[in-house]
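Q: Generate coordinates for the sequence data below:
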Amino acid sequence: LLVSILTVVSPTRRATVAVPFVHDLVIARRFIVRFVCWLSCKSVFTMSHCFSSRRLAAGHQHRAGIAVAKQRAKLSCRSNTAASATTTAQDKWLAKNVVPLFPAADSASSQIQALQDSCRSALTSLRMPSTRNEEYRFTEITGLLAASLTPAAADAAVSAQQLSQLKFPEAAGSRAVLVNGVYRADLSDVTALPQGAYVGTAAGGPAGALAQLGTLSNTSGGPFAVLNGSLVQDVLIVSLPSGAHIHQPMHVLHISTASVGAATAADSSSKARVLAASAPRLLISLADGAACEVVEEYVSAAAAQGSHVSMPLAEVVLGPGASFKHGYVNREAQGAIHFKATLVAQAERSCYQLTEARVGGSLTRHDLGIHQLGPDTTTSMKHFLLAGAGQLQDLHSKLVLNHPRGQANQLHKCIASAATGRGVFDGNVKVNRFAQKTDACQLSRNLLLVPKATVNVKPNLQIVADDVKCTHGCTVSDLSEEELFYFRARGVSYEQARQALVYSFGAEVVQDLQYDKLVGRIQQDVVDSLKKTVEDA
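A: Numbers count the residues shown, from 1 in each chain. Okay, the predicted model is just below:
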């Protein structure tokens, strides 16, 4: 274009001007082409360099991410390995100690076999609890996991003298004896029961009662309820039709023994403790308006020496207007392990009263679950626990109120009489939205008789309804010095004064059992435990 313009403007100088200009233009064009090529190459190099840098940075980040991921995976594997090691150890304990104890399938009724099958299927995914579980935060069960289990013989011999000593006259003719969880008709006497009442095993039980077997434990039972259902051999059924009443108490005596295999294994291995395992099961079924009283008493055979573990479970189904008075006494020998579950379903206008006294065993726990399923329902719970030397007494209770005008009253008393004794109480009362006009009271009182004695108390009252009357409280203290001075000023020794005050502390609960011989046995156990604590000190 410039050449054309110069030629038109100055045609005479085209030869002298145009040629050198064109020559210079060629050179300039070559320079421009080279410059553009250089710029292009530089841009491409810069872009490729940036892209390479980005790829290099991305590669570094990718490799760093892989390294971090590998490190995290390694740490996760380590933590998962540690966690799986714990659960595997527990699973191995179940596989080694529980599965071999399964009763033969042909020895149980169809209802018992169905319960066993459902619990054994749940056993495959069961993990034994530890202190990392909130429900077992203060319940250390390593003593059980460190032991080996062996089946307890259902036909074990029981001393006639011991059976005679464990009677009380008010229950004459209404006594059921279970040895290692199996009902023994040859040791029982149920001749005084009224017509229509059934006390016996599942083989001849009423169809309505058998239909209720496992309905509560399958929905609200804990891990030891699963173990009970897996190991249960039979069930003791107490069933009353509509309007039936048993006017005298029904004494259900549970005797635990150490089997011959346990003794032999204990002699051959000094490292692992061998415990004879049993799974007693009780089903209470009261129809509309029925009423009765059952007193459960757990003891160890004279030769057992506490070498046994018992995992009893009681299901209580109360119809409309039914009334049930429940006594629970644990007097097992030192060293025994005891995990009990009591599950209660109350229909409208029903009444459930529980009186509990636990002074025996080394590791005992009671899981109590109550559901009020109708209006105008009444629930009363009283507990007395004595934690002596090397004893852990644990109580976990859950009461759920879903309907109006319900009443609930819970009194918990615990004495820790030794430095190695521990009491645990976790009481939960939940008043839901529709439980209006509810009247609920919860009180926990605890005595620490020596330094380093421990109680872990957690009263818990959850209120969702807005028109209720609910209270709860907790006290932890030693014996009053003024009360001790009152006894000493009247010539009573210091130890006798402490024993009197300790027993009077628990008498508010124990006296509700009403029967002199039974109350006397509990009182003697309290005195013996306090004497042992003084001797050890």
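Q: Show me what the mean pLDDT comes to for stretch 284-302.
A: On average, the pLDDT along stretch 284-302 is 96.
Q: measure that stretch end to end?
A: End-to-end distance for stretch 284-302, by CA to CA, to the nearest Å: 29 Å.
Q: What of stretch 235-243?
A: End-to-end distance (CA to CA), stretch 235-243: 24 Å.
Q: Now it: buried residues?
A: For stretch 235-243, the neighbour count (16 or more other CB atoms under 10 Å) marks Val235, Leu236, Ile237, Val238, Ser239, Leu240, Pro241 as buried. C-beta: built from backbone N, CA, C; applies to glycine.
Q: Off-centre distance for it?
A: With CA atoms, centre = their mean, to the nearest Å as the basis, stretch 235-243 stands 28 Å off its chain's centre.
Q: oh, and call the first residue 63 from now on, that's how I've got it
A: Noted, 63 is the first residue going forward, which turns the last one into stretch 297-305.
Q: follow-up on the earlier one: determine which two of the buried residues of stretch 297-305 are furthest apart.
A: The largest separation in the buried residues of stretch 297-305, counting by CB to CB, is between Val297 and Pro303 at 18.9 Å.
Q: Please verify my assumption that Asn280 contacts Ser180.
A: Yes: between Asn280 and Ser180 there is a contact at 6.3 Å, judged by CB atoms under 8 Å.
Q: anything in contact with each of the two?
A: Contact with both Asn280 and Ser180 is made by residues Gly291, according to CB atoms under 8 Å, 6 or more residues apart in numbering.
Q: hang on, the earlier thing: now, which of the buried residues of stretch 297-305 sits nearest Glu544?
A: The closest of the buried residues of stretch 297-305 to Glu544 turns out to be Val300 (CB to CB; 46.7 Å).
Q: So what touches the helix or strand hosting that closest one?
A: Assigning secondary structure by DSSP states H and E places Val300 in strand 298-302. By CB under 8 Å, 6+ apart, the residues outside strand 298-302 that reach it are 238, 240, 245, 258-264, 267-268, 270-272, 308, 312, 314, 342-349, 352-354, 356.
Q: got it, and stretch 377-385?
A: Contacts with stretch 377-385, where a contact means CB under 8 Å, 6+ apart, come from 274-279, 304, 343-353, 386, 388, 404-414, 436.
Q: 6 Å instead?
A: 274, 278, 345-353, 386, 405-413 (CB atoms under 6 Å, 6 or more residues apart in numbering).
Q: same question, stretch 231-239
A: 246, 249-251, 253-255, 261, 310-315, 577.
Q: Now which of those residues would you call buried?
A: For the contacts of stretch 231-239, buried by 16+ other CB under 10 Å: 246, 249-251, 255, 261, 310-315, 577.
Q: Sort out for me which of those are in strands.
A: Members of the buried ones among the contacts of stretch 231-239 lying in strands (criterion: DSSP state E): Val261, Met312, His313, Val314, Leu315.
Q: which neighbours does the strand holding Val300 have in its sheet, and in what orientation?
A: Pairing partners of strand 298-302, with direction, according to DSSP bridges: strand 260-262 (antiparallel), strand 343-348 (parallel).
Q: quick one: which of those strands is nearest Leu473?
A: Short answer: strand 343-348, nearest of these by CB to CB, at 22.4 Å.
Q: Run through the neighbouring helices and strands of the very next helix or strand once past the closest one.
A: Next in sequence after strand 343-348, counting helices and strands by DSSP H and E, comes strand 353-362. Secondary-structure packing of strand 353-362 (3 or more CB pairs under 6 Å, 6 or more residues apart in numbering; DSSP states H and E): strand 312-318, strand 385-392.
Q: Just want the angle from strand 353-362 to strand 312-318.
A: 20 degrees (axes from the mean of the first three to the mean of the last three CA atoms, to 10 degrees).
Q: For Gly319, give its distance to Arg246.
A: Quick fix: residue 319 reads Thr, not Gly. With distances taken as CB to CB, to the nearest Å, Thr319 is found 12 Å from Arg246.
Q: ok, now Lys579?
A: In terms of CB to CB, Lys579 sits 21 Å off from Arg246.
Q: same question, Tyr360
A: For Tyr360, the distance to Arg246 equals 15 Å [CB to CB].
Q: ok, now Val486?
A: 33 Å.
Q: go on, Val564?
A: 36 Å.
Q: most packed of the helices and strands packed on strand 353-362?
A: strand 312-318 (a mean of 26; mean count of other CB atoms under 10 Å).
Q: Which other helices and strands does it contact?
A: Against strand 312-318 (3+ CB pairs under 6 Å, 6+ apart) you get strand 237-241, strand 353-362.
Q: so can I have CSV of those strands showing mean neighbour count and distance to Cys503?
A: Conversion of those to CSV gives the following (neighbours: other CB atoms under 10 Å; distance: least, CB to CB, whole Å):
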stretch, mean neighbour count, distance to Cys503
strand 237-241, 23, 34
strand 353-362, 23, 23
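Q: Export those strands as TSV, with columns for distance to Asp528.
A: Shown next, in TSV, are the helices and strands packed on strand 312-318 (distance: least, CB to CB, whole Å):
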stretch	distance to Asp528
strand 237-241	46
strand 353-362	34
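Q: right, so of those, which gets closest to Lys229?
A: strand 237-241 (7.3 Å).
Q: quick one: the closest one to strand 298-302, angle?
A: For strand 237-241 against strand 298-302, the angle by the same axes, to 10 degrees is 160 degrees.
Q: Distance from strand 237-241 to the middle of the chain?
A: Mean-position distance between strand 237-241 and its chain equals 27 Å (CA atoms, centre = their mean).
Q: Average pLDDT for it, rounded please.
A: So the average pLDDT for strand 237-241 ends up being 97.
Q: and if you look at stretch 430-449?
A: 97.
Q: So which of the helices and strands packed on strand 312-318 is nearest Ser424?
A: Ser424 sits nearest to strand 353-362 of all those, at 11.3 Å, using CB to CB.
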